[in-house]
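Asker: One predicted model, sequence on top.
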Amino acid sequence: MSSPEIVSSPVSTELDTTSKLLNQYECGPGSGCSNRNLTPLRDTLLIHGDHYMHLADLRSYLEADDRLREAYDDSDVWGRKAILNIAGSGKFSSDRSITEYATQIWEVKPCPIK
């Protein structure tokens, strides 16, 4: 089964590797493969054009994931980042946010539930 022509993508360096990876999971008619069929995903990303730019930041996503894994492996670094993240979150809760939206943006009053 020949692969269809691949539409140009902003991720030229990753495109070939990504295409090869997704082609490994392609299950065409009569192929007899038992892999999970990722052909629709492959076609959406590589043939029909990556309209939502899923692959545009693939390299930076993977680099960030590597940094996350390195930080997680060092419990001191991970603990510091976790504490700073919590301390920096400030006053936030979904209840407060919804209340502010309701009163300030939607201008509605609470409806008590009995």
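Answerer: Great, that's in hand. Numbering: from 1, shown residues only.
Asker: What is the burial count for Y101?
Answerer: Neighbour count for Y101, taken as other C-beta atoms under 10 Å: 11. Quick note: C-beta positions are derived from backbone N, CA and C, even for glycine.
Asker: how far does stretch 96-108 sit from the chain's center?
Answerer: 30 Å (C-alpha atoms, centre = their mean, to the nearest Å).
Asker: quick one: average confidence on that stretch?
Answerer: The pLDDT scores in stretch 96-108 average 90.
Asker: contacts for it?
Answerer: Stretch 96-108 is contacted by residues 109-110 when judged by C-beta atoms under 8 Å, 6 or more residues apart in numbering.
Asker: Then stretch 60-72?
Answerer: With C-beta under 8 Å, 6+ apart as the contact definition, stretch 60-72 has outside contacts at 77-78, 81.
Asker: Using PDB, list the CA coordinates for it.
Answerer: The C-alpha trace of stretch 60-72 is given here as PDB (Å, rounded to 0.1, in the frame of the first residue of the first chain):
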ATOM      1  CA  SER A  60       9.200  22.300  22.200                       C
ATOM      2  CA  TYR A  61       6.500  20.100  23.800                       C
ATOM      3  CA  LEU A  62       8.900  17.100  23.900                       C
ATOM      4  CA  GLU A  63      11.700  19.300  25.300                       C
ATOM      5  CA  ALA A  64       9.400  20.600  28.000                       C
ATOM      6  CA  ASP A  65       8.500  17.000  28.800                       C
ATOM      7  CA  ASP A  66      12.100  16.100  29.200                       C
ATOM      8  CA  ARG A  67      12.700  19.100  31.600                       C
ATOM      9  CA  LEU A  68       9.600  18.000  33.600                       C
ATOM     10  CA  ARG A  69      10.900  14.400  33.900                       C
ATOM     11  CA  GLU A  70      14.300  15.700  35.000                       C
ATOM     12  CA  ALA A  71      12.800  17.900  37.600                       C
ATOM     13  CA  TYR A  72      10.500  15.100  38.800                       C
END
